[in-house]
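Participant: sequence first, then the predicted structure:
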2 protein chains.
Amino acid sequence: MVARKIGRQTLAFQNPPVITGTASVVGPKEGDGPLGRSFDVVKQDSILGEMTWEKAESCMMYEASLLAVKKAGLAVDEVDLFLGGDLLNQIICCNFTARDLSIPFFGLYNACATFTEGLALGSALVDAGFARHVLVGACSHHETAERQYRYPTEFANQRPPTAHWTATAAGAAVLSASGKGPRITHATVGRVVDMGLKDPNDMGSCMAPAAAETIWQHFQDTGFRGEDYDLVVTGDLGGVGKGLAGDLLAKSGYDLSDRLHDCGIMIYDPAQGVNAGGSGAGCSAAVFSGYLVKRLLAGEIHRLLLVATGSLHSPTSYQQGESIPGIAHAITIQGEEVQG
Amino acid sequence: MVARKIGRQTLAFQNPPVITGTASVVGPKEGDGPLGRSFDVVKQDSILGEMTWEKAESCMMYEASLLAVKKAGLAVDEVDLFLGGDLLNQIICCNFTARDLSIPFFGLYNACATFTEGLALGSALVDAGFARHVLVGACSHHETAERQYRYPTEFANQRPPTAHWTATAAGAAVLSASGKGPRITHATVGRVVDMGLKDPNDMGSCMAPAAAETIWQHFQDTGFRGEDYDLVVTGDLGGVGKGLAGDLLAKSGYDLSDRLHDCGIMIYDPAQGVNAGGSGAGCSAAVFSGYLVKRLLAGEIHRLLLVATGSLHSPTSYQQGESIPGIAHAITIQGEEVQG
């Protein structure tokens, strides 16, 4: 009766959408990191000649969107829907990108899990025939996020070891009903998990339980086991949160220690002074759209579980003493050579 | 090939989802308005005994959600997905509601068009069998919105005649694959339209072109004409924006003057001092979930086009001199007695 839902929380695609094009646009620090060469565009600075950081972030989202559509072999007006979001209040970067693209738009917000939220919803829409091509995008920017969530960077406040470094990055992917490329077969939609933690300088710990729960539920719903995946990549738990999530999973019977990675750890070298690692809606979006998709296309990864994680607080809720709930959505992506 | 898309921007549901339950929870001013008796719950004050307005708004969203699920004859854990959003930074009211409901969650943001965004996406997910029951919700609160977008209400700033009054209201609807109730047959997904206007105290004018474009596109895509609808209800253009949208539609060949209404006008009496009318993501959500759905159930409305409109700016983008783009999504809802 509910033909495309399996288990408690997983969407199973009958006509798995194809990722026909992706693009990543990052700032200089991300370009200097270990994955620098895999990004499509590395900016020389993070203001891009604009008057504001927010405008620069919007420009990166727009550029990544155009490039993803181009790499999918499409014109912009062939894309049926744009699903996107970012960390800024009222998701203004994606609003302005949607305006400039002029593609019918659904705005999303699940913090740093927004990219996988978009992949889940976009895949559902393509699978069921509501759209032939859907563009999914997410972005973040160090300077815009720091001043909105914490302090302006000019303030040069000290950052504890558990703090993350918001990535200056935009990632975009085109999901299509047909074509060549990796396919999205399943999406496990996360519930909001709140362990009562309250430190916005330790988001990894806040999000780790949500990541572990979604991955556990994914295995329960689908019957996949750890060894069915070459990589399980969270984003962005950082060094603190990844350890916690790994421990929680091991205790519940899934020891993924040989294949669990994290976008927030992968995008920077520890010598770059990022403390616990990267974060930001653009981090997992760019790591997937720039790096992971190339490994899928090269056949180095056969099946990937991408589990972007989001921290669902605001400065207001934090200042009012509320806890910081987390969410994570898991997406199964398999190389085109994988059968079934 | 794209079986469920018609025209350029319209999703056509093959198994039109049923609205099996709705609920509305509003503040005292909304309870005193012309639709007061149609709301399920009218609060005696807008703080609800909580320590903060934000907490009060979250409580209203949670209460409306629980009541909608109950009226649909369901237990909370029978609902597969929750799609919701609000006007607060990082949509914290819906985040906390999703946490307390513990239903898998997709966070949405299209400003005051969020409720119809949710109806469109929720209908697609139910129609295609990704979910049996989806909960859609949106809310807003006068005090939380005023201080976040403009000034704290204690400041008592003067409001120009074009300004809107953010409604203290939450609306929620359960969409189901089967059951009794009105059905959602089509959703026209809006593009972001920007005419270069910049006045956050005249959002009606900013959003009117988006409303007119989406309604025009809806008629083009579906072949419906004005007379196929008993009511075309925008939300929330207010007195200024509704006039503009009506003029734009009349000039493009669709004179809807005898059936065009607006949630922002309907929810208050002009004597309540709301200037151009109501607004807020909760306004159209509550007017639909409280008032319009009852008229559909009573057979007084046979077919309704609900066109919630959103203003996609932030205080930051406005202060940086950016224009205010608008968006509108149109949803066709028909009484259960209507054939095909």
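Facilitator: That came in fine, so what should we check first?
Participant: okay but A:Leu305 is in contact with A:Glu227, surely?
Facilitator: No - counting by CB atoms under 8 Å, A:Leu305 does not reach A:Glu227; the two are 12.0 Å apart. C-betas here are computed from N, CA, C, even on glycine.
Participant: ok, those two, which is more surrounded?
Facilitator: Per other CB atoms under 10 Å in any protein chain shown, whichever of A:Leu305 and A:Glu227 has more neighbours is A:Leu305, with 27 against 9.
Participant: surely the more buried one forms part of a strand?
Facilitator: Yes - membership of A:Leu305 in a strand is supported by DSSP: H, G, I helix; E, B strand; the rest coil.
Participant: report pLDDT for the closest residue in space to it that isn't next to it in sequence.
Facilitator: The shortest distance from A:Leu305 to any non-neighbouring residue, by CB to CB, 6 or more residues apart in numbering or on different chains, is to A:Val232 (4.5 Å). With respect to pLDDT, A:Val232 scores 98.
Participant: report the secondary structure state of A:Val232.
Facilitator: Assignment for A:Val232 (three-state DSSP): strand.
Participant: which residues does it bridge with?
Facilitator: Going by DSSP bridges, A:Val232 is paired in beta bridges with A:Leu260, A:Leu305.
Participant: for A:Asp32, give me its contacts.
Facilitator: For A:Asp32, the contact set (CB atoms under 8 Å, 6 or more residues apart in numbering or on different chains) comprises A:Gln272.
Participant: ok, 10 Å please
Facilitator: A:Val26, A:Val42, A:Tyr268, A:Asp269, A:Ala271, A:Gln272 (CB atoms under 10 Å, 6 or more residues apart in numbering or on different chains).
Participant: quick check: neighbours shared by A:Leu305 and A:Glu227?
Facilitator: In contact with both A:Leu305 and A:Glu227: A:Leu256, A:Arg259, using CB under 10 Å, 6+ apart.
Participant: of the contacts of A:Asp32, select the buried ones using a PyMOL command.
Facilitator: In PyMOL, this line selects whichever of the contacts of A:Asp32 come out buried by 16 or more other CB atoms under 10 Å in any protein chain shown:
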select buried, chain A and resi 26+42+268
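Participant: filter the contacts of A:Asp32 down to the ones in strands?
Facilitator: Those of the contacts of A:Asp32 mapping onto strands are A:Val26, A:Val42, per DSSP state E.
Participant: let me see the ranges of the helices in the stretch 1-150 of chain A.
Facilitator: For the stretch 1-150 of chain A, applying DSSP state H, counting those that start in this stretch gives helices covering A:28-31, A:53-71, A:92-101, A:114-127, A:142-149.
Participant: relative to B:Tyr62, which of these is closest?
Facilitator: helix A:114-127 (21.2 Å; CB to CB).
Participant: re the thing from before, closest to chain B out of the contacts of A:Asp32?
Facilitator: Set against chain B, the nearest of the contacts of A:Asp32 by CB to the nearest CB is A:Val26 (22.6 Å).
Participant: circling back to that earlier point, pLDDT and distance to chain B for the contacts of A:Asp32 - can I get that in TSV?
Facilitator: Shown next, in TSV, are the contacts of A:Asp32 (pLDDT from 0 to 100; distance: CB to the nearest CB, whole Å):
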residue	pLDDT	distance to chain B
A:Val26	98	23
A:Val42	98	26
A:Tyr268	98	24
A:Asp269	98	30
A:Ala271	97	32
A:Gln272	97	27
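Participant: output the contacts of A:Asp32 in JSON lines; the columns should cover distance to A:Lys5.
Facilitator: Below are the contacts of A:Asp32 laid out as JSON lines (distance: CB to CB, whole Å):
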{"residue": "A:Val26", "distance to A:Lys5": "36"}
{"residue": "A:Val42", "distance to A:Lys5": "40"}
{"residue": "A:Tyr268", "distance to A:Lys5": "37"}
{"residue": "A:Asp269", "distance to A:Lys5": "41"}
{"residue": "A:Ala271", "distance to A:Lys5": "45"}
{"residue": "A:Gln272", "distance to A:Lys5": "42"}
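Participant: just for the stretch 201-340 of chain A, where's the confidence low?
Facilitator: The model of the stretch 201-340 of chain A has pLDDT under 70 over residues A:339-340.
Participant: what about the strands in it?
Facilitator: For the stretch 201-340 of chain A, the strands defined by DSSP state E, counting those that start in this stretch occupy A:231-235, A:260-262, A:277-279, A:303-311, A:326-334.
Participant: what about A:Ser176, how many residues nearby?
Facilitator: Neighbours of A:Ser176 (other CB under 10 Å): 22.
Participant: my error: substitute A:Glu78 in the last question.
Facilitator: Neighbour count for A:Glu78, taken as other CB under 10 Å: 14.
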